[in-house]
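Visitor: the following block contains a protein sequence and its predicted model.
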Amino acid sequence: MRDLSDVGKDLGGYELLAAQLEALLSGERDFIANASQFSAFIFHELPDLNWAGFYLCKDEELVLGPFQGKVACVRIPFGRGVCGAAAQTRETQRVEDVHAFAGHIACDSASNSELVIPLVKNDQLIGVLDLDSPSLGRFSPDDQRGIERLAEIFLAASDC
Ligand code: SME
């Protein structure tokens with residue numbers, strides 16, 4: 001039987017983060033408000049990040065949305081860089097070394113690894129969630145699963 005001290009240890013603490021995020025977003029369905037809260041939550045709760053935020057689909061390209069971190073490039077065509085690859089393939093891109101990724105867009109020279117999760121609701125691509133880290137190989141497969149779960153919670157809690 002699990003006792004309370006085990007809560008949050010699964011997925012390296014992502015279960016606890018999932019419960020905290022559900023509580024944070026409950027009672028509000030505005031997409032931009034929840035995206036802003038979510039980017040701040042991730043940026044401050046997950047260690048070793050230098051950027052966390054959104055690029056949203058507009059007119060066949062990705063446009064910068066709510067984020068935390070240094071100023072970033074504003075528009076990214078589908079298929080360009082890590083974010084564009086996630087948008088085009090609708091598959092999470094977990095990049096251990098961004099310098100080895102063909103076409104990587106260097107917004108912040110401090111970034112060395114990156115995780116980009118496509119946001120799909122009702123078969124529609126809404127945008128991508130982009131996390132950058134100054135450490136090489138920052139994002140493990142467990143991080144990917146845990147953060148994909150957080151992105152699902154955000155999408156379910158928000159009107160698009
Ligand atoms: N590095 C990203 C661009 C966005 S910034 O990291 C915020 C990419 O190659 O898609």
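Guide: Received, thanks.
Visitor: which one is the residue in the chain that the ligand sits nearest to nearest to, not counting chain neighbours?
Guide: For the chain, the residue positioned closest to the ligand under Cβ to the nearest ligand atom is Gly81, at a distance of 2.8 Å. (Each C-beta comes from the backbone N, C-alpha and C, glycine too.) With sequence-adjacent residues excluded and distances taken as Cβ to Cβ, 6 or more residues apart in numbering, Gly81 is closest to Ile105, at 3.8 Å.
Visitor: over to Gly65?
Guide: In space, and not counting its chain neighbours, Gly65 is closest to Phe54: 3.4 Å by Cβ to Cβ, 6+ apart.
Visitor: what comes up buried for the strand or helix carrying that neighbour?
Guide: Element membership for Phe54, per DSSP states H and E: strand 51-58. With burial defined by 16 or more other Cβ atoms under 10 Å, the residues of strand 51-58 counted as buried are 51-57.
Visitor: residue numbers of the chain in contact with the ligand?
Guide: Of all the residues in the chain, those in contact range of the ligand (Cβ under 6 Å from any ligand atom) are 51, 72-73, 76, 81-84, 104-105, 107, 111, 114, 130, 132.
Visitor: now the lengthiest helix in the chain - C-alpha only, PDB.
Guide: Looking only at the chain and at elements set by DSSP state H, the helix with the highest residue count is helix 141-157. Once non-C-alpha atoms are left out, helix 141-157 reads as follows in PDB (Å, rounded to 0.1, in the frame of the first residue of the first chain):
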ATOM      1  CA  PRO A 141      12.200  10.200 -21.200                       C
ATOM      2  CA  ASP A 142      10.600  10.400 -17.700                       C
ATOM      3  CA  ASP A 143      10.700  14.300 -18.000                       C
ATOM      4  CA  GLN A 144       9.100  14.000 -21.400                       C
ATOM      5  CA  ARG A 145       6.300  11.800 -20.100                       C
ATOM      6  CA  GLY A 146       5.800  14.000 -17.000                       C
ATOM      7  CA  ILE A 147       5.700  17.300 -19.000                       C
ATOM      8  CA  GLU A 148       3.500  15.800 -21.700                       C
ATOM      9  CA  ARG A 149       1.000  15.000 -18.800                       C
ATOM     10  CA  LEU A 150       1.300  18.600 -17.600                       C
ATOM     11  CA  ALA A 151       0.500  19.800 -21.100                       C
ATOM     12  CA  GLU A 152      -2.600  17.600 -21.300                       C
ATOM     13  CA  ILE A 153      -3.800  19.000 -18.000                       C
ATOM     14  CA  PHE A 154      -3.300  22.600 -19.300                       C
ATOM     15  CA  LEU A 155      -5.200  21.800 -22.600                       C
ATOM     16  CA  ALA A 156      -8.100  20.100 -20.700                       C
ATOM     17  CA  ALA A 157      -8.300  23.100 -18.400                       C
END
